[in-house]
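Visitor: My questions concern the predicted model and sequence given below.
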Amino acid sequence: MNFLLTLLTLLFINPLTNIEKELNTPEKVEIVIESNDQMKFNLSEITVKEGDTVVLTLKHVGKLPKAAMGHNWVLLAEGTEMAPFAQAAVQARDNDYIPADGEGTIVYTELIGGGEETTIEFTAPAAGEYIFICSFPGHYALMNGKFIVE
């Protein structure tokens, strides 16, 4: 009888528990986003699940140096307005165009030039719709998109 109970437990309860764990366990999501010398990201929308571990790689596929055509990827905090943030970022040249206090951001990459890439890892924030931009002066108007967390 014990053997039968053990067998039933292994066949029915454990697989369900494993499926349940898989459905509720945050994923590790790898995202590669490209930027170029025409001030464009190749993705305008990124979707992840709340709590996922996001590994985001920014690749600058252009040729121009960082001083002329630098790019970064900045995830703005909920409620942060893109234009005022970008205007404040212009004053933060020595900090890769990220305001020193980091206010208004969730996470960001370093500033890179043509042929370079950089990777960050972070936990996806609460469900909602966020904005990502490049904060290099003048780029945010063309280099922005939606970061959707389900």
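Guide: Thanks, I have the structure now. Numbers count the residues shown, from 1 in each chain.
Visitor: For residue 129, name its beta-bridge partners.
Guide: On DSSP bridges, the residues paired with residue 129 through beta bridges are residue 148.
Visitor: pretty sure it is in contact with residue 145, am I right?
Guide: No: checked against Cβ atoms under 8 Å, the pair residue 129 and residue 145 is beyond contact range at 10.7 Å. C-betas here are computed from N, CA, C, even on glycine.
Visitor: So residue 87, which state does it fall into?
Guide: Assigned state for residue 87: helix (three-state reduction, DSSP: H, G, I helix; E, B strand; the rest coil).
Visitor: ok, how many other residues are close to it?
Guide: 12 (other Cβ atoms under 10 Å).
Visitor: who's more crowded, residue 129 and residue 145?
Guide: Residue environment comparison for residue 129 versus residue 145 gives the larger neighbour count to residue 145, 17 against 11, counting by other Cβ under 10 Å.
Visitor: And the residue most central in space within the chain, how close does it get to residue 124?
Guide: The centre of the chain sits closest to residue 56, judged by Cα atoms, centre = their mean, with a distance of 5.4 Å. Taking Cβ to Cβ, to the nearest Å as the measure, residue 56 falls 10 Å from residue 124.
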